[in-house]
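In: Any chance you could fold what I've pasted below:
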Amino acid sequence: MKDVRNTGKGRTPTRAAGKKKAEAGGGNGPDLPGAWTAYGVLLQHFRRLAGLSQKDLGEAIGYSLEQVASVEQGRRPAKEAFTTAADRVLEARGALVALQPEVDRAKLPPFFRNFALIEADVVSRFSYDPLLVPGLLQTEAYARAVFAGHCPPPSQEEVDQLTEARLARQKLLARVPLAELSFIVGEEALRNPVAEPQVMRGQWQRLLEVGRLRNVEVQVMPAALGFHSGLNGPFVVVETDKHQHLGYVESQEVSCVVRDAAEVSAFGMRYGKLRTQALNCVESARFIERLAGET
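Out: Predicted structure coming up:
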């Protein structure tokens, strides 16, 4: 939120002046995502065509004047419920809804955004995650606990935005056409108590539910296995809608999309071996059920 500073000869702005400033749109900070700014400009355009003030629009869709002004100024991202309601009231014919994926994607950490664009349209996605439950399978409570534990600590608003963006990515699980999805999760990731027991139970139940989807496989890599081909760290292998094979690795908020054919081939061979070393899907489900029964 912007600071409200004294103006003139030590006088504070009047309520009318504040409202006028909100309606005018204010200035955007240099670090605001372009998708939020573009969305705000389009929202303002449709609102003015409809002959509505920000207050009028807010009342029509169930949001405050300040919330509408913040979205128009690009200071806050629109949530899906806001967009759906605004698109309907302003008769935008889906223009705002079409921008929502870009708004959500801009909530993601900058290092991940390029891969998020690739991920959204993949034919297949295979990942190995030894330390944490993969983001595409996380519950809201688990994701919040993970983001809140970051160092340096994020603000509550940042935690909210990161969590919303992560949950929005999960549309890939049921996207049409279906993508073939495989997740190998380390036993340590499942046992790591990143949150209180009820959150962990909810997360394990979520893994069981997702594992029953016909396009999803969830396998557990047991800790007792010893040395295996995934000990170099987590990685992802995808096939794009153009049938290009890519790899992806990240660590400590540094990421790399791997395009070299030989390197991607090595990722694929490594993943194939991991699938044979991990518990199969039925054994993995039983393992997760036992974990849930222990708490």
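In: separation between residue 242 and residue 100?
Out: 24 Å (C-beta to C-beta, to the nearest Å). For the C-beta atoms, the positions are set from N, CA and C on the backbone; glycine is no exception.
In: Distance of residue 241 relative to residue 124?
Out: 10 Å.
In: from memory residue 284 sits against residue 216, does it?
Out: No: using C-beta atoms under 8 Å as the test, residue 284 is too far from residue 216 to be in contact (11.8 Å).
In: Which of these two has more residues huddled nearby?
Out: Using other C-beta atoms under 10 Å as the criterion, residue 284 and residue 216 rank with residue 284 on top: 25 against 21.
In: who's in contact with that one?
Out: If you count contacts by C-beta atoms under 8 Å, 6 or more residues apart in numbering, residue 284 has them with 211, 218-220, 278.
In: rewinding a little: looking at residue 242 and residue 100, which is more packed in?
Out: Between residue 242 and residue 100, residue 100 has the larger neighbour count (other C-beta under 10 Å), namely 20 against 7.
In: what's the span of stretch 271-288 from first residue to last?
Out: One end of stretch 271-288 to the other measures 21 Å (C-alpha to C-alpha, to the nearest Å).
In: what does stretch 144-163 give?
Out: Stretch 144-163: ends 6 Å apart by C-alpha to C-alpha.
In: Can you mark which positions in it are buried?
Out: 144-148, 159-163 (16 or more other C-beta atoms under 10 Å).
In: gap between the residue sitting nearest the centre point of the chain and residue 112?
Out: Residue closest to the average C-alpha location in the chain (C-alpha atoms, centre = their mean): residue 166, at 2.0 Å. Distance of residue 166 to residue 112, computed by C-beta to C-beta: 10 Å.
In: got the residue ranges for the helices in the stretch 1-150 of the chain?
Out: Using DSSP state H, counting those that start in this stretch, the helices of the stretch 1-150 of the chain run over residues 15-24, 34-49, 54-61, 65-72, 80-89, 95-105, 110-119, 140-148.
In: Name the stretch among those helices that sits most buried.
Out: helix 65-72 (a mean of 23; mean count of other C-beta atoms under 10 Å).
In: Just give me the closest of the buried residues of stretch 144-163 to residue 230.
Out: Nearest to residue 230 among the buried residues of stretch 144-163, counting by C-beta to C-beta, is residue 146 at 20.3 Å.
In: Contacts only, for the residue nearest to the closest one when sequence neighbours are not counted.
Out: Nearest residue to residue 146, sequence neighbours excluded (C-beta to C-beta, 6 or more residues apart in numbering): residue 194, at 6.0 Å. Applying C-beta under 8 Å, 6+ apart to residue 194 gives the contacts 132, 142, 145-146, 149, 200.
In: rewinding a little: next, format the contacts of residue 284 as a markdown table and append secondary structure and pLDDT.
Out: Shown next, in a markdown table, are these (DSSP: H, G, I helix; E, B strand; the rest coil; pLDDT from 0 to 100):
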| residue | secondary structure | pLDDT |
| --- | --- | --- |
| 211 | helix | 97 |
| 218 | strand | 98 |
| 219 | strand | 98 |
| 220 | strand | 98 |
| 278 | coil | 96 |
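In: From those, keep the buried residues only.
Out: 211, 218-220, 278.
In: circling back to that earlier point, is it true that the residue nearest to the centre of the chain touches residue 141?
Out: No: Residue 166 is beyond contact range of residue 141, at 11.9 Å (criterion: C-beta under 8 Å).
In: Strands of the stretch 151-295 of the chain, start to end?
Out: Using DSSP state E, counting those that start in this stretch, the strands found in the stretch 151-295 of the chain span residues 180-186, 216-221, 235-239, 245-251, 254-258.
In: Run the angle between the fourth one and strand 254-258 for me.
Out: The one in question is strand 245-251. With axes from the mean of the first three to the mean of the last three C-alpha atoms, to 10 degrees applied, the angle from strand 245-251 to strand 254-258 works out at 170 degrees.
In: And the contacts of residue 194, which two are furthest apart?
Out: Among these, 149 and 200 lie farthest apart (C-beta to C-beta), at 14.2 Å.
In: ok, the residue nearest to the centre of the chain to residue 217 distance?
Out: 21 Å.
In: cool, and residue 189?
Out: According to C-beta to C-beta, residue 189 and residue 217 sit 16 Å apart.
In: same deal with residue 66?
Out: Residue 66 sits 46 Å away from residue 217, going by C-beta to C-beta.
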